[in-house]
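Undergrad: output the structure for:
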Amino acid sequence: MVHFSLAKYKAWRVSKKYKDRGLYSEYYTIEEFRQNFTNHLNTYFLNEINEHDFLSTHIDTPSLGLKGIKKDNLTENPRIVQSNLQNSRFLKEKEFEINKLFNSIKEKDISIVEEKKTENTSKKDKNTEIGDSLKGIEDITSTINKKSNLFRNFLEDREINFLEKDKELVKSYASSKNIPMDEVTFFNIGNLNEAKSMFGGGSFGTSPSYQLNGSEKEIEKYKMINKLILKINHFNQWKEYFKEIDTKHFIHLAVSNNGTTFDEDVDITLFIRKDQLVKKNDFPLPDTGILETATELLEGIYKIKQTYNIEEYVNSSDVNHYDLPNISLPGLGYQKSLEDLKNQFKDNIEDLFVYDYYQNDEFDIISFNIPYIKQHTSIGFPTSLVFRSKVKEIMFEVNSKHTPEVITGTLEIETIN
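TA: Presented below is the predicted three-dimensional model:
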């Protein structure tokens with residue numbers, strides 16, 4: 001029978017329990033123990049060092065850069081493009097409305113008749129007859145005529161004629177769109193005239209006031225022609241305004257954070273060769289007839305909209321420009337209103353183009369700030385960048401709170417011939 005000491009028995013149990021877990025190792029000499037112990041220490045501290053290096057190389061950091069936007073997708077090489085607003089659906093719809101109105105006016109056929117004598121002429125003849133029959137009573141006749149003239153002047157009728165410049169406007173449009181029209185028939189409104197009202201017009205009733213005097217058909221055609229003149233006038237103003245915009249060149253850019261954490265207080269600065277950039281004060285001002293609607297369309301033309309992978313820039317300092325009540329004074333109401341519309345247009349441009357503008361001898365410099373951008377996110381610039389001519393490159397700097405180094409680079413611009 002083999003007898004084990006208690007100490008050897010315990011050692012045997014420990015070896016069985018921990019041998020496969022790296023906590024037990026046998027040795028037979030002191031030198032072997034020293035070598036094994038040194039190896040275990042080296043393994044432990046080497047693992048500690050490797051774990052520290054792993055953590056230090058995997059610290060979450062932002063990674064910022066500039067990208068181009070091409071058909072709602074991000075690209076390394078931004079593309080410079082031109083708008084085609086002159087052939088936009090917006091203008092085509094207005095053209096359709098004008099053409100439809102042309103046809104409606106043509107259908108209002110009014111026969112050309114000899115102009116009938118006016119009621120005033122009839123009254124004048126009657127006065128003459130009275131004068132002839134009362135030749136012996138000159139004083140009475142004179143008094144009657146004076147009173148009759150006063151009443152006649154008060155209720156006199158006024159002939160209606162379209163201005164030659166308005167006729168030329170309509171004819172020119174019809175010619176440009178190959179719309180056949182006979183000028184005499186088209187502008188014929190029969191015997192329509194304007195009857196002077198007994199009550200004055202204007203703010204204090206001191207101005208002459210007239211009412212249309214004619215058949216329902218004549219009045220309707222007259223109003224339709226005036227509506228046509230206004231629509232053509234506005235259409236031409238849109239064409240001129242859009243033509244000016246279509247001569248410009250546009251680049252769409254975005255700021256991207258491809259890092260593993262957010263960044264804050266991101267300053268973006270662009271350097272553009274001088275005299276190429278269209279600054280906020282250089283945008284064309286629409287004509288008066290379309291000014292209000294053109295102001296409403298500014299965002300649609302210039303602002304970079306949100307897509308599934310590009311967020312829209314939001315200006316935290318946006319200011320709402322509330323319309324002040326417009327109190328019209330005699331003769332000043334229209335001018336005041338027009339001035340308000342011009343200011344509203346300029347204010348909206350100011351709100352969209354939030355860039356700060358600088359320049360040196362070589363560059364026009366613009367900058368703006370993004371307060372916060374999270375990881376794996378792209379934010380579009382506040383607006384398209386607008387240029388007078390094609391540009392080949394744009395240099396940039398990006399400086400932020402959580403990125404220790406200033407990021408610099410050059411965007412190579414792709415041109416469509």
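Undergrad: what is the helix or strand where residue 171 lies packed up against?
TA: Secondary structure from DSSP states H and E places residue 171 in helix 164-176. Other elements packing on helix 164-176 under the criterion 3 or more C-beta pairs under 8 Å, 6 or more residues apart in numbering; DSSP states H and E are helix 183-186, helix 216-246. No exception for glycine: its C-beta is placed from N, CA and C like everyone else's.
Undergrad: chain center to the shortest one: distance?
TA: The offset between the C-alpha centroid of helix 183-186 and the centroid of the whole chain comes to 40 Å, using C-alpha atoms, centre = their mean, to the nearest Å.
Undergrad: after it, next one along is what?
TA: With elements assigned by DSSP H and E, the helix or strand that comes after helix 183-186 is strand 193-196.
Undergrad: partners of that following strand, with directions?
TA: When pairs are called by DSSP bridges, strand 193-196 turns out to pair with strand 157-159 (antiparallel), strand 210-213 (antiparallel).
Undergrad: quick check: which of those is buried the most?
TA: Per residue and on average, the most neighbours among the strands paired with strand 193-196 fall to strand 210-213, with a mean of 14 (mean count of other C-beta atoms under 10 Å).
Undergrad: contacts for it?
TA: Here strand 210-213 makes contact (C-beta atoms under 8 Å, 6 or more residues apart in numbering) with 157, 158, 192, 193, 194, 195, 196, 197, 219, 222.
Undergrad: the helix or strand harbouring residue 265 pairs with which strands, and in what direction?
TA: If you go by DSSP H and E, residue 265 is part of strand 263-273. Paired with strand 263-273 in the same sheet, following DSSP bridges, are strand 363-373 (antiparallel), strand 393-399 (antiparallel).
Undergrad: pLDDT value on residue 117, please?
TA: For residue 117, the model assigns a pLDDT of 39.
Undergrad: an error on my part: the question was meant for residue 337.
TA: Residue 337 is assigned 88 on the pLDDT scale.
Undergrad: assumed it was part of a strand.
TA: No. Read with DSSP: H, G, I helix; E, B strand; the rest coil, residue 337 is helix and lies in no strand.
Undergrad: surely residue 344 meets residue 294?
TA: No. Counting by C-beta atoms under 8 Å, residue 294 is not a contact partner of residue 344; they are 10.4 Å apart.
Undergrad: re the thing from before, alpha carbons only: can I get the helix holding residue 171 in PDB?
TA: Taking C-alpha atoms only, helix 164-176 is exported to PDB below (Å, rounded to 0.1, in the frame of the first residue of the first chain):
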ATOM      1  CA  GLU A 164     -50.300 101.700 -77.700                       C
ATOM      2  CA  LYS A 165     -47.400 100.300 -75.500                       C
ATOM      3  CA  ASP A 166     -49.800  97.700 -74.100                       C
ATOM      4  CA  LYS A 167     -51.000  96.700 -77.600                       C
ATOM      5  CA  GLU A 168     -47.400  96.300 -78.700                       C
ATOM      6  CA  LEU A 169     -46.700  94.200 -75.600                       C
ATOM      7  CA  VAL A 170     -49.500  91.800 -76.500                       C
ATOM      8  CA  LYS A 171     -48.700  91.700 -80.200                       C
ATOM      9  CA  SER A 172     -45.000  91.100 -79.500                       C
ATOM     10  CA  TYR A 173     -45.800  88.100 -77.200                       C
ATOM     11  CA  ALA A 174     -48.300  86.700 -79.700                       C
ATOM     12  CA  SER A 175     -45.600  86.900 -82.500                       C
ATOM     13  CA  SER A 176     -42.900  85.200 -80.300                       C
END
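Undergrad: how about it: buried residues?
TA: For helix 164-176, the buried set under the neighbour-count rule, 16 or more other C-beta atoms under 10 Å, comprises 166, 167, 169, 170, 173, 174.
Undergrad: ok, residue 381 to residue 405 distance?
TA: Distance of residue 381 to residue 405, computed by C-beta to C-beta, to the nearest Å: 22 Å.
Undergrad: how is the protein divided into domains?
TA: Domain assignment for the chain, taken from automatic domain parsing, gives 6-56, 64-82+248-415, 90-113+156-244.
Undergrad: ok, of those, where does mean pLDDT dip lowest?
TA: Among these, domain 6-56 carries the lowest mean pLDDT, a mean of 65.
Undergrad: could I get the full set of helices for the stretch 251-400 of the chain?
TA: Along the stretch 251-400 of the chain, counting by DSSP state H, counting those that start in this stretch, helices occupy 291-296, 298-302, 333-352.
Undergrad: format the ones you listed as CSV; extra columns: mean neighbour count and distance to residue 91.
TA: Conversion of these to CSV gives the following (neighbours: other C-beta atoms under 10 Å; distance: least, C-beta to C-beta, whole Å):
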stretch, mean neighbour count, distance to residue 91
helix 291-296, 16, 12
helix 298-302, 15, 13
helix 333-352, 15, 19
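Undergrad: okay, these in a markdown table with distance to residue 283 next?
TA: Output for the helices of the stretch 251-400 of the chain, formatted as a markdown table (distance: least, C-beta to C-beta, whole Å):
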| stretch | distance to residue 283 |
| --- | --- |
| helix 291-296 | 11 |
| helix 298-302 | 9 |
| helix 333-352 | 6 |
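Undergrad: out of those, nearest to residue 86?
TA: helix 298-302 (12.9 Å; C-beta to C-beta).
Undergrad: which strands or helices does that closest one pack on?
TA: With contacts defined as 3+ C-beta pairs under 8 Å, 6+ apart, the secondary structure elements packing on helix 298-302 are helix 333-352.
Undergrad: same thing but at 6 Å, please
TA: With contacts defined as 3 or more C-beta pairs under 6 Å, 6 or more residues apart in numbering; DSSP states H and E, helix 298-302 has no packing partner among the helices and strands.
Undergrad: nearest to residue 235, of the helices of the stretch 251-400 of the chain?
TA: Taking C-beta to C-beta as the criterion, residue 235 comes closest to helix 291-296 out of the helices of the stretch 251-400 of the chain, the separation being 12.2 Å.
Undergrad: before we move on, back to that, could I get the helices and strands packed on helix 164-176 as JSON lines with mean neighbour count?
TA: Formatted as JSON lines, the helices and strands packed on helix 164-176 follow (neighbours: other C-beta atoms under 10 Å):
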{"stretch": "helix 183-186", "mean neighbour count": "13"}
{"stretch": "helix 216-246", "mean neighbour count": "17"}
